[in-house]
Structures are given as C-alpha cells and as structure tokens.
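Student: need a 3D model of the sequence below.
(one chain, ligands or ions: 1)
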Amino acid sequence: MAYTTIEDPALIKKAFEMKQSGMYVSDIAKLLSEESGKRITQMALWRLFTNDEKTRRQGQIKPDGEKAVPKPVCPKCGEIMVRVSFRGDKSQGRAYIPVGWMCPSSTCDYIAKDFIEIEDTEE
Ligand SMILES: [Zn+2]
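Tutor: Residues are numbered from 1 along each chain as shown. Just a heads-up that it's a prediction; the model follows:
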C-alpha cells in the first residue's frame, strides 16, 4: 500500500531538506522510500510541499489590496513559479504583458504559458 500522505516528522524534515538542496521530487521519493523502507510516492511529496506553500502564502495581500491568488507550483521540482511578462511595444502602450509562469530554480527549465483567449478583433 502506497503512502498518500507523509506523517512521520523525521521523513517530512528530510523531504524538505532534500527539496531545499534542489533535488527533484522523483529523486526525493526514491531516496526516502529506500531509507524508510516504506513506499513514499511523488504524489505524497507533492501534497506535502503544496500544503506547506499554502500555509506560507496564507493572508498574502498584494500592494493593490487584492488578495493574492495562490501561485502555481512547478510540476518538475515543486518550486513556486514566478510570473513572466514582457514589455509591450508602442502600440501596446509599453505595458507589461503577462506571458505565463516559469520556474525560478536554476536547475529546472519549466515554463508554462498562460492560456490565451483570442479575442475576435474583426469589426
Ligand atoms: Zn522547476
């Protein structure tokens, strides 16, 4: 029976230490399973890391007073993704145009572009 949640505090601590050292969740799952003799699934780790992020992000308020939308988590390494935008050209008023999310980890190349609803521009 696979573990869907990790409850052992020693394992949780180890999992976070490994994550902080930049290890991939798949590697952490493998190592922890070997060490503990239990089957630690990647899903269990994701759940653990995601819950932690949720708690950390609770009550975050953006400068404009809006409540922050929870940031997505990198599916490759579990890092909190950062927003990516580019500076628009003159016709776009040189505004920052959001493109999507990318993983800030230097060992990870994950980028997720926003889904764009294409507006009907014909008149
Ligand atoms: Zn990543």
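
Student: show me where this structure has helices.
Tutor: For the chain, applying DSSP state H gives helices covering 9-20, 25-36, 42-57.

Student: what packs against the second one?
Tutor: Helix 25-36 sits against helix 9-20, helix 42-57, with contacts defined as 3 or more C-beta pairs under 8 Å, 6 or more residues apart in numbering; DSSP states H and E. (C-beta placed from N, C-alpha, C; glycine too.)

Student: pull the residues that contact it.
Tutor: With contact meaning C-beta atoms under 8 Å, 6 or more residues apart in numbering, helix 25-36 is reached by 8, 11, 14-15, 18-19, 23, 39-42, 44-46, 49, 76-78.

Student: so which bits of it are buried?
Tutor: Residues of helix 25-36 classed as buried: 25, 28, 29, 32, 33 (neighbour count, 16 or more other C-beta atoms under 10 Å).

Student: one more: stretch 78-95?
Tutor: Neighbour-count burial for stretch 78-95 [16+ other C-beta under 10 Å]: 78, 79, 80, 81, 84.

Student: how about those in CSV, adding distance to residue 92?
Tutor: Putting those into CSV (distance: C-beta to C-beta, whole Å) gives the following:
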residue, distance to residue 92
78, 34
79, 30
80, 28
81, 24
84, 16
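
Student: still on that earlier bit, so which of the helices of the chain gets nearest the ion?
Tutor: helix 25-36 (9.5 Å; C-beta to the ion).

Student: near the ion, anything from the closest one?
Tutor: No - counting by C-beta under 5 Å from the ion, the ion has no neighbours in helix 25-36; the shortest distance is 9.5 Å.

Student: could I get that helix in PDB with only the CA atoms?
Tutor: Presented in PDB, the C-alpha positions along helix 25-36 are these (Å, rounded to 0.1, in the frame of the first residue of the first chain):
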ATOM      1  CA  VAL A  25      10.700  15.300  -6.300                       C
ATOM      2  CA  SER A  26      11.200  12.000  -8.100                       C
ATOM      3  CA  ASP A  27      14.600  11.600  -6.600                       C
ATOM      4  CA  ILE A  28      13.400  12.500  -3.100                       C
ATOM      5  CA  ALA A  29      10.600  10.000  -3.400                       C
ATOM      6  CA  LYS A  30      13.100   7.300  -4.400                       C
ATOM      7  CA  LEU A  31      15.600   8.100  -1.600                       C
ATOM      8  CA  LEU A  32      13.100   8.400   1.100                       C
ATOM      9  CA  SER A  33      11.500   5.100   0.100                       C
ATOM     10  CA  GLU A  34      14.800   3.400   0.300                       C
ATOM     11  CA  GLU A  35      15.700   5.000   3.600                       C
ATOM     12  CA  SER A  36      12.400   4.400   5.300                       C
END
